[in-house]
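Asks: Okay, here's the prediction I keep looking at, along with the sequence it came from:
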Amino acid sequence: MSASKNFIRRAASWNACIAAFLAVVPISPAQAPPASSPANPAALNYSPTNPNAIRSYDEALKQLEKGHATSALEGFRKADQMDGGHCFMCELEAWDAAMQAREFQIAQGQAKTMLDNVTVPAMQAQADFMLGKATLALAILVDGDSQFEEADAAFQAALQIKPNYLDCIYEDGTALAYLKRDDKAIARFQAYLKLAGPNDLNYTRVQRLIERPEMARSRLAPNFRVTTLDGKTITLESLAGKVVLIDFWAMWCPPCRRALPHLQKIAQEFAGQSFVLLSISLDPDEASWRGYTARNHMTWPQYRDGGFDGAIATLFAVRGIPYTIIVDSDGVLVEQYLGSEDINGKHLSSEAIDGKLRELIARAAAASTHTSASTLQGRDLVIPAEQR
C-alpha cells in the first residue's frame, strides 16, 4: 500500500468515526456549540498538513500494522510536533498506540493534549472519554483509588456533554464498581441497558454485571463478535460458563506452526467439556489460510483477523505471536502467554498450561452443577395427579 493510500484510508476511517459519533450521540443543549462553531467536525482539517508530518504519520501507521506500538507512538508524536502540535488525528493515533503499548500515562497525556486543542463539544466528549479510559487502565494496573476517582470524573465530564454515550456509561460503571460504589455502578449499567438494544454486543454482559457488580472489579476480557470459518457467529459473552483459550497465530510464524500439535492435543482432550478453543489468524491471505487449516485438520473454531492491526488483535493489544489467552467461565482474563512465557516473563511448559486448563474446566463444571441444583431447588415441585 502506498503512503498516500495508507494515509487516506486511515483518515477516512477516523473522519467516519467522528461523523458517526456526532450523529449517534446527541449533544446536551447546555453544551451545544455556538453558531460560529463548525457544524460538521468531519469536514475540519484534523489531519497532518506538513509534508514531513504526513510521511511520519504514514510510517507510524505501518509500524502499528506490524504490531510495533511503541515505534508507532513515537512516529505519531513526531508527526504532531512537525505539524505544530495541532494534528488531532496524530494525537488520536498516538493515544491508541500508547494504549496498545500499555503506556497508560502517556495515553493520559495525549488525551489531555487533545482536550487543550479541541473546541467542538463532540470532540471534547471524546477526549474526556479517552482520558477516562487511560486513567481507568492505569488505576487497574496500580490499584490506585485516586486514579479511579479521576477516571470517574473524566467519564462524568464526557457524559455532561453526551448523556447517551454508551461506551462512556459502561466504563464509568466499571470505575464506580472499582470504587465499591455498587449502587451507582448498577445505576450506570441499568442506564446502559435502557439505551442499548438486546442485539448490543455487551447487553448480556451488562445484565450479568447488574446481578453481580463485583464482577466489574475482575479483569474481564473484552467482549468481541466474530464469524468463524464455518459460518457461525460467536461472541465471547456467548461462551460464558465455558473456559476459552484464544490462540493468536499465523502461517508465517515458525513457533506458531510448532505449537500446532499441542493445540490439536488440547482440542481432542477437552472436546465435549466446558471448553472452547478459538484460533485467530493474523494471516493476510484468506485462501492460503483456509487451505492451511483444512490440510492440518484444525477443526475447532477458526477466525482470520488479517494482521496485528486487526480488530481482535488490537482489542487484546497483541504485539507478538504465538499469543495465547485463557479466559475462565466467568469471562475473567486469567492467563496471557507470548510463546511459552507469561506476561511477567515466567516460562511455562505445555504440561503447566494443560494443568491450568484442567483446573479451570473442573471449576466451571462444578459451578454449572451448583447452578443447576439451585435452579431445581427454586422450582415448585409438581406431583402428577396419579401419584398424589
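Replies: On my side now, so go ahead. Numbering: from 1, shown residues only.
Asks: Now do the strands in the stretch 201-350 of the chain.
Replies: Assigned strands in the stretch 201-350 of the chain, in chain order: 225-227, 233-235, 243-249, 275-281, 302-304, 323-327, 333-338, 341-342 (criterion: DSSP state E, counting those that start in this stretch).
Asks: Could you list the paired strands of the fifth one along with their orientation?
Replies: I take that to be strand 302-304. In the sheet containing strand 302-304, its partner strands are strand 275-281 (parallel), by DSSP bridges.
Asks: Run the chain-centre distance for the partner strand.
Replies: Computed by CA atoms, centre = their mean, to the nearest Å, the chain-centroid distance of strand 275-281 equals 17 Å.
Asks: Let's test this: mean pLDDT of it, rounded?
Replies: For strand 275-281, the mean per-residue pLDDT is 98.
Asks: which residues are contacting it?
Replies: Judged by CB atoms under 8 Å, 6 or more residues apart in numbering, the contacts made with strand 275-281 from elsewhere in the structure are 226, 228, 234, 239, 242-251, 263, 266-267, 270, 289, 293, 298, 300-305, 310, 312-313, 357, 361, 364. All C-beta spots, glycine's among them, are computed from the backbone N, C-alpha and C.
Asks: of these, buried ones?
Replies: With neighbours counted using 16 or more other CB atoms under 10 Å, the contacts of strand 275-281 contain these buried positions: 226, 228, 234, 239, 242-251, 263, 266-267, 270, 289, 293, 298, 300-305, 310, 312-313, 357, 361, 364.
Asks: Backbone dihedrals for the residue lying closest to residue 236 once chain neighbours are set aside, please?
Replies: Counting by CB to CB, 6 or more residues apart in numbering, the nearest residue to residue 236 once its immediate chain neighbours are dropped is residue 223, at 4.9 Å. Comment: the main-chain dihedrals of residue 223 come out as phi -80, psi 150, following degrees, to the nearest 10.
Asks: now residue 223: how far from residue 208?
Replies: Distance check for residue 223 against residue 208: by CB to CB, to the nearest Å, it reads 11 Å.
Asks: Break this protein into its domains for me.
Replies: Using automatic domain parsing, the domain parsing of the chain gives 3-217, 225-374.
Asks: picking up where we left off before, JSON lines please, covering the strands of the stretch 201-350 of the chain and showing distance to residue 350.
Replies: Compiled in JSON lines, the strands of the stretch 201-350 of the chain are given as follows (distance: least, CB to CB, whole Å):
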{"stretch": "strand 225-227", "distance to residue 350": "26"}
{"stretch": "strand 233-235", "distance to residue 350": "26"}
{"stretch": "strand 243-249", "distance to residue 350": "12"}
{"stretch": "strand 275-281", "distance to residue 350": "14"}
{"stretch": "strand 302-304", "distance to residue 350": "21"}
{"stretch": "strand 323-327", "distance to residue 350": "11"}
{"stretch": "strand 333-338", "distance to residue 350": "11"}
{"stretch": "strand 341-342", "distance to residue 350": "13"}
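Asks: thinking again about what came up before, touching, the residue nearest to residue 236 and residue 203? I think so.
Replies: No. Taking contact to mean CB atoms under 8 Å, the distance of 9.9 Å between residue 223 and residue 203 leaves them out of contact.
Asks: What helices and strands are in contact with the helix or strand that contains residue 81?
Replies: Secondary-structure assignment from DSSP states H and E places residue 81 in helix 69-82. Of the remaining helices and strands, those touching helix 69-82 by 3 or more CB pairs under 8 Å, 6 or more residues apart in numbering; DSSP states H and E are helix 51-65, helix 88-100.
Asks: What residues sit buried inside the first one?
Replies: Along helix 51-65, the positions that meet the burial threshold by neighbour count (16+ other CB under 10 Å) are 53-65.
Asks: out of those residues, which one sits closest to residue 151?
Replies: residue 64 (24.9 Å; CB to CB).
Asks: now that closest one: how far from residue 116?
Replies: Between residue 64 and residue 116 the distance is 24 Å, computed by CB to CB.
Asks: ok, now residue 352?
Replies: Plainly put, residue 352 is 48 Å away from residue 116 if you go by CB to CB.
Asks: Next: residue 183.
Replies: When distances are taken as CB to CB, residue 183 and residue 116 turn out to be 35 Å apart.
Asks: Between the two, which has more neighbouring residues?
Replies: When residue 183 is set against residue 116 and neighbours are counted by other CB atoms under 10 Å, the residue ahead is residue 116, at 11 against 8.
Asks: mind checking the SS state of that one?
Replies: helix (DSSP: H, G, I helix; E, B strand; the rest coil).
Asks: check contacts around it.
Replies: Under the criterion of CB under 8 Å, 6+ apart, residue 116 has no contact partners.
Asks: Any idea how far stretch 233-243 is from the middle of the chain?
Replies: Mean-position distance between stretch 233-243 and its chain equals 15 Å (CA atoms, centre = their mean).
Asks: Just the CA atoms from it would do, formatted as CSV, please.
Replies: Output for stretch 233-243, consisting of C-alpha atoms alone and laid out as CSV, is shown next (Å, rounded to 0.1, in the frame of the first residue of the first chain):
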residue,chain,number,x,y,z
THR,A,233,-21.2,-16.1,14.7
ILE,A,234,-19.9,-16.1,18.3
THR,A,235,-19.2,-13.6,21.0
LEU,A,236,-17.0,-14.0,24.0
GLU,A,237,-20.0,-13.4,26.2
SER,A,238,-22.0,-16.2,24.5
LEU,A,239,-19.3,-18.5,25.8
ALA,A,240,-19.9,-17.6,29.4
GLY,A,241,-19.9,-20.8,31.5
LYS,A,242,-17.0,-22.2,29.5
VAL,A,243,-13.3,-21.8,29.7
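Asks: show me where the stretch 101-250 of the chain has helices.
Replies: Under the criterion DSSP state H, counting those that start in this stretch, the stretch 101-250 of the chain carries helices at the ranges 104-117, 121-142, 145-161, 166-178, 182-195, 203-211.
Asks: With mean pLDDT and distance to residue 325 added, can I get those in CSV?
Replies: Shown next, in CSV, are the helices of the stretch 101-250 of the chain (pLDDT from 0 to 100; distance: least, CB to CB, whole Å):
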stretch, mean pLDDT, distance to residue 325
helix 104-117, 94, 20
helix 121-142, 95, 17
helix 145-161, 96, 24
helix 166-178, 97, 20
helix 182-195, 97, 25
helix 203-211, 96, 17
